[in-house]
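> give me the fold of what follows.
(2 chains, ligands or ions: 1)
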Amino acid sequence: MISFELSEEQEIARSAASGLARSTLAPAARAADEAAQIPSSALNGAWALGIVQAVADPAFRTMEQPTVLNALVLEELAAGDATVAAAIAASVGFAKAVAEQGSDRQRAELLPPFVSDVPRFAAVVELDGPLADDTAANASVTRVADGFRLRGGATMVLLAKPSTHLLTLVKCDGRDEALIVPLDTDGVRVSKIHGTLGLRGLDWASVAFNGVTVPASMRLGETASANVQRIRDASRIALCAMLSGLSRAVFDFALPYSKTRIVHGEAIARKQAIAFKLADMHVAIDAMRWMGLKAAAELDRSPEAPRSARLAQLYASDAAMRIADEGVQVFGGHGFVRDLPLEMWYRNARSLSVLDGLVGA
Amino acid sequence: MISFEFTERDRQLIEEARRQAKLAAKYARDFEDAEDSLLPHAYPEADGCPDVRALLEAFVQETSGHKIINALLYLEDWYGGVPLREHRYSLGNTVLKIAGTAEQYDRWHDRTIAIGLTEPVGGSDPASVRTTARFDPVSRNWIINGEKIFITYAEGCDAVLVLARVLHPDQPQRLSTFIVEKGTPGFNVGPQIRKMGIRWEDTAALSFADCSVPAFNHVDGDLKKTLQSFSESRPVVAAYALGVSRAALDYTWIQLGNAGVEPDYNARLATQPMAAARLLSLEAEWEATWLTVVRAKWIEQREGPGKVESSMAKAMGGMLARRVTQACIDVLGAAGLSAAGPLEKLFRDARIFDIYEGTGEIQRLIIARHILGYSPKELN
Ligand SMILES: Cc1cc2nc3c(=O)[nH]c(=O)nc-3n(C[C@H](O)[C@H](O)[C@H](O)COP(=O)(O)OP(=O)(O)OC[C@H]3O[C@@H](n4cnc5c(N)ncnc54)[C@H](O)[C@@H]3O)c2cc1C
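Okay, the predicted model is just below:
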C-alpha cells in the first residue's frame, strides 16, 4: 500500500537531527571548511543522535525501516553540514554491512566499539586502481591459502586516519567480495591528501594495499561472498539523502535573499528568471528526497535495490549540482565569495555526488 | 510508515492495463492520416477483456486508493498509444463536480462535458477571455457569444462548459461558467484541427452566436473553485507523459540491447557506453516524475487536490516527455525517424504535455508564488 507518511519514530529522529543541524552544524560549517577539520562539538553532537550506535546494537535486527531512518537523519545533518553527515555515513556504512552480513563472530568482535559515547570511524572503500608507484599493474585480488591477497589502491578515502577498519570492496575471480581490513595490517599505507575541492573536513587520504593478506575470517560473512550490491545500494541511498539535505540548505538560503535583494527597483524574486529557478529547485528537492526514501524502503524489505538506489543517486547528483549552481547565480558576486556559504555548497555538491560506494545509510 | 509497494490488487490492475495497452497499440497510428475520425468507444479486442476502471471501482478498498491507481491506469493507456476502451477524462466534468449544484450534477454527470477556456487571444490568462454571457431579463436566459479554440472532445462531447464574461444589468462584470449543450442553436463546432501529434484526440474550435441557454445552465461556482479542477487533472496529464516516456524508453532499451548495449545500474557513468549513461539519467528523471505524480494523488486522496503538488507533477511530466523523446531519437540515430518505428510518433505526441492544462511556465508561476508567498500581482 503506497504511503508517504513517516512513522512517529522516524519523524522524531528527523526532527532531532534537524534541530542539531540548525543550532550546531550550520554555524560551524564555514570554519570547518577553512580549517579542513570538523570541530569536535559538531561531530560529537551528530554522533550523539545515535544512528551508528543503533546499527551496531544487537537490537538492530528488530528495527523497523532502519535505512529510511538513517536516510532521514543524514539528510538533515547534510542540511547543516555535509561534511559531518558524510563522516557519520561512513561509519554507518561499515557498521551496517557488518551488522547485516557479518558472521556472529565478526559482529561480536567488530560492533561493540561502535556502541560508544565517542565517535568511532570506519570506512567503506573500493579497491579501484593501481598503486601509485606501480601504475602499470592494475589492482589485483588473488585467493591464497587462507584468504585473499590485495594489491592496488583506493584513491579517495575519507577519514582513513581515524578509522579502525576499512571495509574493502573488491572483485575476485569475477565475484564481488567485501573484506574487512584493520588499518594496522601489514602492507596498508595511508597517504594524506593535501587539499580537496570540497568536504574538506574529512581528512582525505589515499590508501595503498601493497600485498595485503586478508584472512578468510575477515571476509564479510566468512563462509560465502557478501552481498556487495546491498552495500553499494546503501551508499547510494546515503548520497541521495545528503544531496537532498545540501540542496535544501541552498534553497532555504536563496529564497529569503531573493525577496530582499532589490535590483532595478524590485526584488529579484519578482523576476521570473530568478523565481523559476527557485520553483525548479523546489520541485527537484522534493523529487530527489522521495526517490531516496523509496529506495531506502525497498532496501529495508529486500536483499537489494539496485535500480531504485542507482536512479536516486543519479537524479540527486544532477539535481543537487544544478541547485548549488543556481544558488551561486542567485547571489551573483556574493555567491562567489567565501563570506557566504554558497561557494562552499557548490564545491560540496560536486564532491558528494561522486562519492559512490564510500558511505552508507 | 512510508511504503512504495503496490498491493496485490494494484499490481493486478496495472498489469491488466498494460496487457490491454499492448493490444491497443496496433491501432495507435490509425489516426495519423485520418484526423477527422473519432476514437471508437472500444476496439474489438476489448471484448473479453475486463474493464479495469470498473474493477478499480469494485475493489478500491484493496488498492492504494482510487486517485493513485486511476492516474496509473491512464499512464498505461498512453503507453499503448490509444485506449482499448475509451475513458474520457474531461475537465468540464470535474468542474461540474466541484462547482455545480446537485441538480446540475444529476443532469449531466454521465455526459461528456468539454472545457472551453482557451480563446484566440490567449489561453494562459483567463482574464483575457472575451466570450460573453449576457443576461436577458425577458427570457431569463443567458445569451452566449464568442469563440473558443483548441477544445478537446469538441466533436465527441455532449456539452461544453464555457468560461465567459458575465454581462448582467445588476451584477458587476466577472468571469463565470455556462454549460452549452450540443444542438443549441448558434453553437457550432469547427473542423478538426491539424496537429503535430495526438492526432486521435478530438480537438476543434467552438463558436457561439447568440446561443441562448437557460439559467439552470449557469454553473455559478466561484472562479477559484473552477480553476481548482486543474489540480485534479494536472497530475493525470503528467501520468500521460509518463506513459509516453515509458514507451519511448522501453523501445530504445530494446534497440540498444540488440546492439549489445545494456543498462548497468552498478557501473560508473564513466565506464558505460554513452547511450546507456544517457538513458540511465532519463530513467532517473522518469522515476522522479513518477514519484511526484503518485505523491500529488496521495495527497489528493487524503486532503483534496493540492494545487502546488499538482503543478509540480505537471511541470516534471511536461519536461520529462520532451527530454525523453528527444533523447531517444538522438541515441538511436536516423532509424528513429522512420514511421515504421514508434519513436517519431511518440516524439510528436509527447510535446503537448508541457502545453495544455497550463504550460510549464504557468506551473512554475504557481509553484514560485507559493514558495515566495507572492500574489499573482507580485509575480506574473
Ligand atoms: C491539443 C490541444 C488541446 C487543448 N485542449 C483544450 C481544452 O480542452 N480546453 C481549453 O480551454 N484549452 C485547450 N487547449 C489550449 C491550451 O490549454 C492552451 O494552448 C495553453 O493554455 C496555452 O495558451 P496559448 O496557446 O494561448 O498560449 P499563450 O497563453 O499565448 O502562451 C504563449 C507562451 O507564453 C508563455 N506565457 C504565458 N503567460 C506567461 C507568463 N505569465 N509568464 C511566463 N510565460 C508566460 C506560455 O507559457 C507560452 O510559452 C488545448 C490545446 C491544444 C494544443
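> return the residues of the stretch 151-300 of chain B in contact with the ligand.
Within the stretch 151-300 of chain B, the positions near the ligand by Cβ under 6 Å from any ligand atom are B:151, B:152, B:195, B:203. C-beta here means a position set from N, CA and C on the backbone, and glycine is covered the same way.
> in CSV, list those residues along with secondary structure.
Below are those laid out as CSV (DSSP: H, G, I helix; E, B strand; the rest coil):
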residue, secondary structure
B:151, strand
B:152, strand
B:195, coil
B:203, strand
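> want to throw those residues into a markdown table with pLDDT, distance to residue A:288 and neighbour count?
Output for those, formatted as a markdown table (pLDDT from 0 to 100; distance: Cβ to Cβ, whole Å; neighbours: other Cβ atoms under 10 Å in any protein chain shown):
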| residue | pLDDT | distance to residue A:288 | neighbour count |
| --- | --- | --- | --- |
| B:151 | 97 | 37 | 24 |
| B:152 | 96 | 33 | 23 |
| B:195 | 96 | 34 | 15 |
| B:203 | 97 | 36 | 22 |
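> farthest-apart pair in these, please.
Pairwise distances across those (Cβ to Cβ) peak at 12.7 Å, for the pair B:151 and B:195.
> excluding chain neighbours, what is closest to residue B:217?
Spatial nearest neighbour of residue B:217, chain neighbours left out: residue B:179 (4.4 Å); criterion: Cβ to Cβ, 6 or more residues apart in numbering or on different chains.
> show me where the chain has helices.
Since no chain was named, I'll use chain A. With DSSP state H as the criterion, chain A has helices at A:8-20, A:26-35, A:40-48, A:51-56, A:66-80, A:82-101, A:104-110, A:228-260, A:272-301, A:306-330, A:333-336, A:342-353.
> should've been chain B
Taking DSSP H as the criterion, chain B carries its helices at B:8-24, B:52-58, B:66-80, B:91-99, B:102-108, B:223-258, B:274-303, B:307-332, B:343-350, B:360-372.
> outside of the second one, which residues touch it?
Outside of helix B:52-58, the residues that reach it under the criterion Cβ atoms under 8 Å, 6 or more residues apart in numbering or on different chains are B:13, B:16, B:17, B:20, B:63, B:66, B:69, B:70, B:73, B:85, B:87.
> and for residue B:151 and residue B:195, which residues touch both?
Taking Cβ under 8 Å, 6+ apart as the criterion, residue B:151 and residue B:195 both touch residue B:203.
> from the contacts of helix B:52-58, which is closest to the ligand?
The shortest gap between the ligand and any of the contacts of helix B:52-58 belongs to residue B:87, at 16.0 Å (Cβ to the nearest ligand atom).
> dump the residue contacts of the closest one.
Neighbours of residue B:87 in contact, by Cβ under 8 Å, 6+ apart: B:53, B:73, B:74, B:77.
> those residues into TSV, with extra columns for pLDDT, distance to residue B:100 and neighbour count?
Shown next, in TSV, are these (pLDDT from 0 to 100; distance: Cβ to Cβ, whole Å; neighbours: other Cβ under 10 Å):
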residue	pLDDT	distance to residue B:100	neighbour count
B:53	96	22	16
B:73	98	25	25
B:74	97	23	23
B:77	96	27	23
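> could you dump those into a markdown table with distance to residue A:55 added?
Output for the contacts of residue B:87, formatted as a markdown table (distance: Cβ to Cβ, whole Å):
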| residue | distance to residue A:55 |
| --- | --- |
| B:53 | 46 |
| B:73 | 40 |
| B:74 | 42 |
| B:77 | 45 |
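> so what's the closest residue in space to residue A:6 that isn't next to it in sequence up against?
Leaving aside its sequence neighbours, residue A:6 sits nearest to residue B:2 (Cβ to Cβ, 6+ apart; 6.1 Å). Counting by Cβ under 8 Å, 6+ apart, residue B:2 touches A:3, A:4, A:5, A:6, A:7, A:10, A:65, A:68, A:293, A:297.
> tell me the phi and psi of residue B:2?
Residue B:2 adopts backbone torsions of phi -70, psi 150, taken as degrees, to the nearest 10.
> out of the helices of chain A, nearest to the ligand?
helix A:272-301 (5.8 Å).
> which secondary structure elements does the closest one contact?
helix A:66-80, helix A:228-260, helix A:306-330, helix B:274-303, helix B:307-332, helix B:360-372 (3 or more Cβ pairs under 8 Å, 6 or more residues apart in numbering or on different chains; DSSP states H and E).
> quick one: is the second one near chain B?
Yes: counting by Cβ under 8 Å from any Cβ of the partner chain, chain B is contacted by helix A:228-260 at A:229, A:232, A:255, A:258, A:259.
> hang on, the last one packs against residue A:266?
Think residue A:259. No: contact criterion Cβ atoms under 8 Å: residue A:259 and residue A:266 do not qualify, at 10.3 Å.
> so these two - more neighbours on which side?
When residue A:259 and residue A:266 are compared for neighbours, residue A:259 comes out ahead with 19 against 11, by other Cβ atoms under 10 Å in any protein chain shown.
> report how many residues lie close to the spatially closest residue to residue A:169 that is not a sequence neighbour.
The shortest distance from residue A:169 to any non-neighbouring residue, by Cβ to Cβ, 6+ apart, is to residue A:126 (4.7 Å). Close neighbours of residue A:126, defined as other Cβ under 10 Å, add up to 22.
> ok, residue A:275 next?
Around residue A:275 there are 25 residues (other Cβ under 10 Å).
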